[in-house]
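> For reference, the sequence and a predicted model appear below.
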Amino acid sequence: MGTVSSLELHRIKRRGARQRLPRATLYFDLASPDTYLAAERAERLFAGLEWQPACGDVLHCTEFGPDGTAAVAKRAALLGLPLVWPDGYPYRFRAAMRVAGLAGELGCAAAFVLAASRLAFCGGYDIDDPEILAEAAAAAGIGLAETLQAAGDVGRDGPIEEVGRLLLAGGAQRLPVLRVGRLLFCGEDRLLEAAAARAAV
């Protein structure tokens, strides 16, 4: 007769294995449609993923010309995700990025990034519009007063830009960037590669 395994023991072993996985951080800019494409899959691929806003302008990767938009549209179709460009795109979502920083501090960045990026690139909304931004924040459980205060706090811009500069100095060329331990994987198309690298450690 075979040995009967304890389900609880199995869960403890799995929990211990997850705790030994290297830290994984997703650096993102809400102005990039690649953030939307990555956010839809990143949370499922990486247990305990940390989310960190970073200024894409520092990496010169937030401008999309005709070739860039066509490539993103093709990639979205390949992933089976709808894509709607916000009117007047490209432009920065400064207020939304400030709230993303707050969401990270509150531990609800994943929910906020998913909601905001879907509103921007699935709905075509300007997520810097206070009403739209409040909807994204509410989906992450962030109150209206906190949202509006963070959205108007220009002091939050400096740290976000500094993160972009640090990524650039580390060799990153484009966002989003997935850091697994000390390794950087640039672009949403490298999420699977990053997940495999983390699992192999």
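Structure received.

> which residues sit in contact with the most centrally placed residue in the chain?
For the chain, Phe28 is the residue whose C-alpha lies nearest the centre (CA atoms, centre = their mean; 4.6 Å). Each residue near Phe28 by CB atoms under 8 Å, 6 or more residues apart in numbering is listed here: 35, 38-39, 51-54, 100, 113, 175-176. The C-beta positions use only the backbone N, C-alpha and C, and glycine is treated the same way.

> just checking, which of those residues belong to strands?
The strands, defined by DSSP state E, take in 51-53 from those.

> What are the boundaries of the helices in the chain?
7-20, 33-45, 66-79, 94-106, 109-121, 130-139, 144-151, 157-169, 191-200 (DSSP state H).

> Just checking, which helix or strand of the chain averages the lowest pLDDT?
Every helix and strand in the chain was compared by mean pLDDT, DSSP states H and E; the lowest is helix 7-20, with a mean of 52.

> ok, Ile142 - contacts?
99, 102-103, 106, 108, 112.

> Distance to Ala200 added to those, as a markdown table?
Converted to a markdown table, the contacts of Ile142 look like this (distance: CB to CB, whole Å):
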| residue | distance to Ala200 |
| --- | --- |
| Val99 | 35 |
| Leu102 | 34 |
| Ala103 | 30 |
| Leu106 | 32 |
| Cys108 | 30 |
| Phe112 | 30 |
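
> Now do Gly88, the pLDDT please.
Note on Gly88: pLDDT of 82.

> measure it to Ala111 for me?
27 Å (CB to CB, to the nearest Å).
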